[in-house]
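*Asks:* Return atomic coordinates for the entry below.
(one chain, ligands or ions: 1)
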Amino acid sequence: MMTGDQIRQLFLDYFAAKGSTIMPSASLIPSGDPTLLLTSAGMVPFKPYFLGQATPPSRRLTSCQKCFRTTDIDAVGDHKHLTFFEMLGNFSVGDYFKKEAVAFAWEFVTRHLKLAPERLWVTVHLDDDEAYRLWHDMVGVPPERIYRYGNKDNWWGPPGAEGPNGPCSELHYDYGRELGCADVASPAEVATCQREGHPIDGCHPNCDRCERFVELWNLVFMQFYQDLNKVRSPLPAPNIDTGMGLERTAAVLQGVRTVYDTDIFRPLLARVGELCGVAYGGSRETDYAMRVVAEHARASVFLIADGVVPGNEGRGYVLRRVIRRAVRFGRQLGLEGPFLGQVAQVVIERMGRQYPELAQNHEFILRVLALEEERFAERVTVGGGILEHTFIDMRRELADAFPRMDRAIEAAFTSAPDRTTLIHQVREHIERFFMSPGFQHVLVVGGRDILDEVLRPLRKPLEQLWSDVALPDVHTDARFGQDPSARYQTFIAYLQQLLDDARGALNDLAQRLKGVEAFVLYDTYGFPPELTREIAREHGLGVDMEGFER
Ligand code: SER
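*Replies:* Got it, this is the predicted structure:
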């Protein structure tokens, strides 16, 4: 089995043999690049070379770069998303271009990694005939495995608000037909859909409905500079920037389906398992939580080692989010008290040789983690408790109580022997509904204002209903028409409409948290809105973030 460390070395050695200088990984904090929060790709440290602003040590470079992508934090825990990962790359600063880049990539994956060529599928940009010909004529990839996509998939960059970019071409690995969601669409069908902007029927290399294909390597044919106004101009020379995900490559080479089953993550999951007494692979929920803890612990170690400390904005907030998310999922696994340091130890032991900054900052990393965990533990316990046991439970309770009231009122409409009894019964049902203990809890934690705001849309039609039932004389109220015999029916239909409105308001309440609820959690209890969103989602609820912002 080839380990992650071996793959990294093999890659760097291969490109060194092609005349590339091996560059050390730069910091996760991009230097001199105010447009980027964190280093998100292998090319980031080389931007000045590509732009002709600095001279590289060699026109051929290769590296294994620490990368961090913030876009998917909330998705981490599933089978494929990571925040922190290592990107293997080879770079040409005005030296070789498409032909060599394609030839190197193919030689490396087929001869050195020994991947079966028939498992490799290729994508090129819709308009990039040259790349198509290279894969087809020079390398010999059959046409049925070369797909063309538009800008969304096959144009890369700029990273941040401005910088180099260009069309790209990707190598995807095929885990096998049996994992596909459908028969594959042909390259011609996919190209037509892409040109005409239609969704693609059938499976294909960029399919996101199933786990059949995984993108391994992206070759960017960097030809343009895009400025802050999105205007593109040609670069001083065409360049090459490639990126291959180390963790995904390890998964493919180790014959496993996810990055978490590789030698890179298994020891971390094993430590998490020891701590909480749950074996990885036990259940969907615990696996998810264990992956979150392992991934976020690793990511935090690397961020802290590069000098990021928890804070309320920018990089500090990214770090705070991943630590807090890890703590929260740790709690789900039954981990009480600070535990991240114990997972961090394994990360430092395993990766400290490749990344000496981890070992050098060992003490500091553990201290920062412990402090932030303690600070947060209290807030999670209090705020999370209120969210789940007050706001969310209230909805559950209403989901039971409302239909009971609804049915009882409807029954009263038809069965009450006279108006006085009807008034009496409707009032009693509504009062009983509003006495639900759930409402009383909301009152206790959030005060009258929050209760009013949450309930206003529901309360309005019910209060109207109540006062209209009590109208002194339906027979003289002009709203219900002139014909005496039809009046009472119109009146009941009108009351039913009010009940319908209340049902609509309840539905909205049952589907999402109000902005004010998320805000009270944040403002009074220090509970972060993204956690509110995530916990809400686990309960099938959305959050009115616009209302929160307001
Ligand atoms: N910059 C490209 C990417 O991140 C290739 O390295 O995919």
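*Asks:* Show the contacting residues for residue 400.
*Replies:* Shown in contact with residue 400 (C-beta atoms under 8 Å, 6 or more residues apart in numbering): no residues. The way it works is simple: take the backbone N, C-alpha and C, and place the C-beta from them, glycine included.
*Asks:* Relative to residue 104, how far out is the residue of the chain found nearest the ligand?
*Replies:* In the chain, the residue that lies nearest the ligand is residue 243 (2.3 Å; C-beta to the nearest ligand atom). Distance of residue 243 to residue 104, computed by C-beta to C-beta, to the nearest Å: 14 Å.
*Asks:* Compare these two and say which one has the larger neighbour count.
*Replies:* Neighbour count, other C-beta atoms under 10 Å: between residue 243 and residue 104, residue 243 has more, with 24 against 20.
*Asks:* Could you tell me whether the more buried one really is in a strand?
*Replies:* Yes: counting by DSSP: H, G, I helix; E, B strand; the rest coil, residue 243 is part of a strand.
*Asks:* Tell me which stretches of the stretch 301-450 of the chain form helices.
*Replies:* Along the stretch 301-450 of the chain, the stretches classed as helices by DSSP state H, counting those that start in this stretch are 314-332, 340-351, 356-360, 362-379, 385-386, 393-415, 419-434, 437-469.
*Asks:* err, the stretch 1-150 of the chain, not the other one
*Replies:* Using DSSP H, counting those that start in this stretch, helices in the stretch 1-150 of the chain cover 4-17, 47-50, 98-107, 129-133.
*Asks:* Could I get the contacting residues of the residue of the chain closest to the ligand?
*Replies:* 41, 42, 43, 87, 88, 89, 217, 218, 220.
*Asks:* Ok, residue 301 next?
*Replies:* 344, 347, 348, 358, 365, 369.
*Asks:* again with residue 432
*Replies:* Counted by C-beta under 8 Å, 6+ apart, residue 432 has contacts residue 405.
*Asks:* How much space separates it from residue 404?
*Replies:* With C-beta to C-beta as the criterion, residue 432 and residue 404 are 9 Å apart.
*Asks:* Figure out the helix or strand that the nearest residue to residue 461 once chain neighbours are set aside lives in.
*Replies:* Leaving aside its sequence neighbours, residue 461 sits nearest to residue 501 (C-beta to C-beta, 6 or more residues apart in numbering; 3.9 Å). Taking DSSP states H and E as the definition, residue 501 sits inside helix 484-511.
*Asks:* And that helix, what's buried?
*Replies:* For helix 484-511, burial by neighbour count (16 or more other C-beta atoms under 10 Å) applies to 487, 491, 492, 494, 495, 498, 499, 501, 502, 505, 506, 509.
*Asks:* what's the helix or strand for residue 239?
*Replies:* Using DSSP H and E, residue 239 falls in strand 232-245.
*Asks:* what are the pairing partners of that strand, and which direction each?
*Replies:* Paired with strand 232-245 in the same sheet, following DSSP bridges, are strand 84-92 (antiparallel), strand 213-226 (antiparallel).
*Asks:* could the ones you listed go into JSON lines alongside mean pLDDT?
*Replies:* As requested, these are exported to JSON lines (pLDDT from 0 to 100):
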{"stretch": "strand 84-92", "mean pLDDT": "98"}
{"stretch": "strand 213-226", "mean pLDDT": "96"}
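*Asks:* which one of those is the most hemmed in?
*Replies:* strand 84-92 (a mean of 25; mean count of other C-beta atoms under 10 Å).
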